[in-house]
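With the input below, show me the fold.
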Amino acid sequence: MTALRDTGFAKINLTLDVLGRRADGFHEIESLVAFAALGDQVELEPGDRLDLAVEGPFAGALSSDNLVIEAAEAAKALKPTLRLGRFRLVKRLPVAAGLGGGSADAAAALRLLARANHGTLSKRDIAALAPKLGSDVAVCLGSQPALITGRGETVQPVPGFPSCGVLLANPGVPLGTQDVYAAHGAEPLPEAPLRTVEVPNFAGDFARFINYVAPRGNALEVPATQLAPVVKQVLAALADLDGARVVRLSGSGPTCFALFETEDEARRAAAALSAAQSDWWIAATTLGARTGG
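The predicted structure follows:
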């Protein structure tokens, strides 16, 4: 059978509020999330034996424990008749970068297994598996703009998300999510808070979108810059770019992003930044709702 292909899209935390540390050890968060039109390539050649080949510019940064394999094994445990096969992961996103790359790859693996097994693994099945693999896997399954709450596993779609340009910059210093959360030092919560979260509707309006994102922040930005001071340099460089509307850290970092009204603006800014910072990973693309999946 011809190999099936999917993409583990880069997840951007446009806003991130950490409400506290829960009794189960996870952190209660509220975050507006969207996905960039770039990511890791994941392929599956269906077969009886589970295997994984990893290549690409960031392959060497991956540990032996990989969420693609964990996702496949979890799916097999749920559905023993499931056919697995040989996965190929082309790692194009930096590792430990605040872009949810591992979770996105796991989500792509689940989608591929569902396609390869023709109904044996349903959407409900993979939705049940996702939170067991990681807090970000649930939102990565759909890879659509969403407001996520709980520890990230509760996903509410955000309607009317406008297409815009985004520039991503990573200085090449990995940051562990657990380390950043530990440095944040969130106060414990006796239980998950009962609160009503209003999901925004941007009605395709870029100005309305910016007005929502701009006054909100990323609660992990301060601890991330403490652990990796170069993040301040990245944020400052992005803020100096023509047309940058919002500049912020994504997730636990160290990747930072700048929002632009158009992809052309983002690409011009990326060219200027690349000329000044040739050692950084820099990418310009679009941000918005995806069609066809």
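
Scan this protein for its longest strand.
Determined from DSSP state E, the single longest strand within the chain is strand 27-47.

could you give the mean pLDDT of it?
Strand 27-47 shows a mean pLDDT of 97.

pLDDT on the longest helix seen in the chain, on average?
The longest helix of the chain (DSSP state H) is helix 101-116. Mean per-residue pLDDT for helix 101-116: 97.

ok, then the element right after that helix?
Downstream of helix 101-116, the first helix or strand assigned by DSSP states H and E is helix 123-133.

Residues touching that following helix, excluding its own?
Helix 123-133 has contacts (C-beta atoms under 8 Å, 6 or more residues apart in numbering) with 67, 70-71, 74-75, 78-79, 103, 106-107, 110-111, 113-114, 137-138, 140-141, 153. Backbone N, C-alpha and C define where each C-beta goes, glycine included.

Pop the domain breakdown of the chain in here.
Domain ranges of the chain: 4-156, 158-287, per automatic domain parsing.

Where do the helices of the stretch 151-293 of the chain begin and end?
Using DSSP state H, counting those that start in this stretch, the helices of the stretch 151-293 of the chain run over residues 177-184, 206-213, 221-227, 230-239, 263-276.

weakest of those in terms of mean pLDDT?
Of all the helices of the stretch 151-293 of the chain, the minimum mean pLDDT falls on helix 177-184 (a mean of 94).

any residues touching it, and which ones?
By C-beta under 8 Å, 6+ apart, helix 177-184 touches 18, 27, 96, 98, 219-220, 222-224, 226-227, 251-253.

Which of the helices of the stretch 151-293 of the chain sits closest to residue 39?
Across the helices of the stretch 151-293 of the chain, residue 39 has its closest neighbour in helix 263-276 (16.2 Å, C-beta to C-beta).

now for that closest one, which elements pack on it?
Here helix 263-276 touches strand 164-170, helix 230-239, strand 256-260, strand 281-287, going by 3 or more C-beta pairs under 8 Å, 6 or more residues apart in numbering; DSSP states H and E.

chain center to it: distance?
How far helix 263-276 lies from its chain's middle: 22 Å, per C-alpha atoms, centre = their mean, to the nearest Å.

Just give the number of residues close to residue 115.
15 (other C-beta atoms under 10 Å).

check contacts around the closest residue to it other than its chain neighbours.
Counting by C-beta to C-beta, 6 or more residues apart in numbering, residue 115 lies nearest to residue 4, which is 5.6 Å off, once chain neighbours are set aside. Applying C-beta under 8 Å, 6+ apart, we find residue 4 in contact with 43, 44, 45, 46, 112, 115, 116.

Perfect, I'm done here.
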